[in-house]
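Participant: here is a sequence with its predicted model. Questions after.
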Amino acid sequence: MYIRVVNLKFSSKIDSDAMQALAKHEMINNLPGILSIETFQVSELHSIGILKFDSKESAEKSKVVYIDNMKKNPNIRVEIFEGERLFIVEKS
């Protein structure tokens, strides 16, 4: 499993709401190899998304679809952290 954490800062509430809707209704259906999308709204203008992919190759292909376009938008500041999911520990 490959994980991408996306830190998004928006210039307006409208941009923030639009991105939430995009993730909820479009991204989950259009990204190849996507397993799940989780988002956390830190504030009205700051969100964090966690995207889980089946492989690094799927994650790389998805950058062209959304990430590259988001980075071109002057109203959105995007930081990306990604890598293989190595382990998980859950409390029983």
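Facilitator: Great, that's in hand. Residues are numbered from 1 along each chain as shown.
Participant: please verify my assumption that D54 contacts G33.
Facilitator: Yes: the pair D54 / G33 is scored as a contact, 4.4 Å apart, by Cβ atoms under 8 Å. Yep, even glycine has a C-beta here, placed from its N, CA and C like the rest.
Participant: okay, the two: which has more neighbours?
Facilitator: Higher neighbour count among D54 and G33: G33, with 16 against 13, using other Cβ atoms under 10 Å.
Participant: from V64, how far out is that one?
Facilitator: According to Cβ to Cβ, to the nearest Å, G33 stands 13 Å off from V64.
Participant: for F81, same thing?
Facilitator: Taken as Cβ to Cβ, the span from F81 to V64 is 19 Å.
Participant: now do S36
Facilitator: Distance, S36 to V64, using Cβ to Cβ: 20 Å.
Participant: which one's the longest helix in the protein?
Facilitator: Ranked by residue count, the top helix of the chain under DSSP state H comes out as helix 13-22.
Participant: who touches that helix?
Facilitator: 8, 10, 39, 41, 44-45, 47, 66, 73, 75-76 (Cβ atoms under 8 Å, 6 or more residues apart in numbering).
Participant: which two of those have the greatest separation?
Facilitator: E44 and Y66 (21.4 Å; Cβ to Cβ).
Participant: comparing those two, which shows the higher neighbour count?
Facilitator: Of the pair E44 and Y66, Y66 is the one with more neighbours under other Cβ under 10 Å, namely 19 against 11.
Participant: let me see the contact set for the more buried one.
Facilitator: 22, 27, 31.
Participant: need the residues you listed in a markdown table (columns: neighbour count, pLDDT and distance to A59).
Facilitator: As requested, the contacts of Y66 are exported to a markdown table (neighbours: other Cβ atoms under 10 Å; pLDDT from 0 to 100; distance: Cβ to Cβ, whole Å):
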| residue | neighbour count | pLDDT | distance to A59 |
| --- | --- | --- | --- |
| L22 | 14 | 81 | 18 |
| M27 | 18 | 84 | 13 |
| L31 | 18 | 86 | 9 |
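Participant: what pairs with F81 across the strands?
Facilitator: V5 (DSSP bridges).
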